[in-house]
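Engineer: just coords:
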């Protein structure tokens, strides 16, 4: 379908801002999906793609202001996808906190509720980037306003209850939206979402010093030290790979040796984030070949991750971490005598120098206080061995109908399905109650596992 012009989108934005009631679509269940979506100002159906039987999968874009407080700031198109199940079903609004995957998939709440799913690309990621870029408009407030407008207009098409969800940075994004627009949806499920409320006094070092077993931690440290001792051999392998695959290290991080050190230092954190005790035997011994050490670090961290090409898609995240979200302060004390570079893995070193950054330490404090004193219908799910769980959201005296749950032995892919039996039943019952589909539930009540929708691998991202 042909895209609407930005001028048309601007008129739609003006219509929404004026308080004008959207065209009536109460009878949308009896009409074609495309016709219902065509009634939404600023929304374009870009195309439809193959989906399993009983579903429709559409790619959409939606016109948003660059600055929601200033309609004259310009417009950009935000990419969405829609997995349609039925107009009468609940809706799960999902964000990864990054870009939107190309194909159809179901987040866990979507499967548990047999729901529709709107996936929202975070502003400044993927295709959802204003031109020109004003980095001052990449804030949690602006993204929350993006979600608010999307839920408002599509809520006229889908009248059942809405739930928001996301994992990692997506879970954080969902909570920020609820903090700033608490009445938009019936509930929020945030998976493995860190809460760096006091960026100068975090607990990541303490967590990494105690996670798993002492034997596994010692093996990881020995592996990291051996990698730094064999620095020249590893750099030679990395240089050959960079030459063959077109990788560079000079644009952002400042050289191939710095890129190698970043990967080695990050190995411990990434091992617990993406792998875990079940992979203890995969850690090479200090007597292993250099190839084995290289391959393990590459499989755990990915040497390409700290190339200019690997960093580029995630510059918006590093910018957010260095201005509002905060970041882990991990001190590689056990490696310091072998390191040649300082401030490894600091956000400032992962954002091009021409982009100014200033950290605002009180932004996360406001969100934290909202959760503890005003939050309602929130479910936080963490993994016991995931380093990001070192700084979790915590409930407080004003939090209502909410819970924080931890998956035993879980990593950064932890979900409700991994909780202990009673906690799992309680969590599913709460989610279904919030969505208005009944309180009693077990995993057997959920929509069955569907290959192609429910088997998306855990993405490898900075957070």
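Structural biologist: Great, that's in hand. Only a predicted model underlies this, so the values are computations on that prediction, with no experimental measurement involved.
Engineer: so where do the helices sit in the stretch 301-450 of the chain?
Structural biologist: Taking DSSP state H, counting those that start in this stretch to define them, one finds helices in the stretch 301-450 of the chain at 308-311, 315-320, 363-374, 421-435.
Engineer: Give the buried residues for the third one.
Structural biologist: I take that to be helix 363-374. Neighbour counts using 16 or more other CB atoms under 10 Å place 363-364, 367-368, 370-372 of helix 363-374 among the buried residues. No exception for glycine: its C-beta is placed from N, CA and C like everyone else's.
Engineer: ok, so of the residues you listed, who is nearest residue 229?
Structural biologist: Checking the buried residues of helix 363-374 against residue 229 by CB to CB gives residue 364 as the nearest, at 38.6 Å.
Engineer: returning to that earlier point: now distance to residue 321 too, for the buried residues of helix 363-374, in CSV please.
Structural biologist: Shown next, in CSV, are these (distance: CB to CB, whole Å):
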residue, distance to residue 321
363, 12
364, 11
367, 15
368, 16
370, 20
371, 20
372, 23
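Engineer: circling back to that earlier point, residue 262 is nearest to which of the helices of the stretch 301-450 of the chain?
Structural biologist: Across the helices of the stretch 301-450 of the chain, closest to residue 262 is helix 308-311 (CB to CB), at 9.9 Å.
Engineer: Please identify the helix or strand for residue 271.
Structural biologist: Assigned by DSSP states H and E, residue 271 belongs to helix 256-274.
Engineer: ok so, going back, I'd like the helices of the stretch 301-450 of the chain as TSV, with mean pLDDT appended.
Structural biologist: Shown next, in TSV, are those (pLDDT from 0 to 100):
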stretch	mean pLDDT
helix 308-311	96
helix 315-320	98
helix 363-374	98
helix 421-435	97
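Engineer: before we move on, the earlier item: elements contacting the helix holding residue 271?
Structural biologist: helix 204-208, helix 214-229, helix 231-245, helix 290-300 (3 or more CB pairs under 8 Å, 6 or more residues apart in numbering; DSSP states H and E).
Engineer: list the helices and strands the last one packs on?
Structural biologist: Right, helix 290-300. Packing contacts for helix 290-300, counted by 3+ CB pairs under 8 Å, 6+ apart, involve helix 214-229, helix 231-245, helix 256-274.
Engineer: any idea of the pLDDT on the nearest residue to residue 375 once chain neighbours are set aside?
Structural biologist: Of all residues not flanking residue 375 in the chain, residue 399 sits nearest, at 4.7 Å (CB to CB, 6 or more residues apart in numbering). Residue 399 carries a pLDDT score of 98 in this model.
Engineer: Check residue 6 too.
Structural biologist: According to the prediction, residue 6 has pLDDT 38.
Engineer: Next: residue 171.
Structural biologist: On pLDDT, residue 171 comes in at 98.
Engineer: show me the contacts for it.
Structural biologist: Listed by CB atoms under 8 Å, 6 or more residues apart in numbering, the contact partners of residue 171 are 97, 165, 189-193, 380.
Engineer: Run through the strands of the stretch 301-450 of the chain in chain order.
Structural biologist: Secondary structure of the stretch 301-450 of the chain (DSSP state E, counting those that start in this stretch): strands located at 378-383, 403-407.
Engineer: Deepest in the core, which of those is it.
Structural biologist: Of all the strands of the stretch 301-450 of the chain, strand 378-383 has the most neighbours on average by mean count of other CB atoms under 10 Å, namely a mean of 25.
Engineer: related to what we said a few turns ago, could the strands of the stretch 301-450 of the chain be laid out in CSV, adding mean pLDDT and distance to residue 135?
Structural biologist: Formatted as CSV, those follow (pLDDT from 0 to 100; distance: least, CB to CB, whole Å):
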stretch, mean pLDDT, distance to residue 135
strand 378-383, 99, 30
strand 403-407, 99, 33
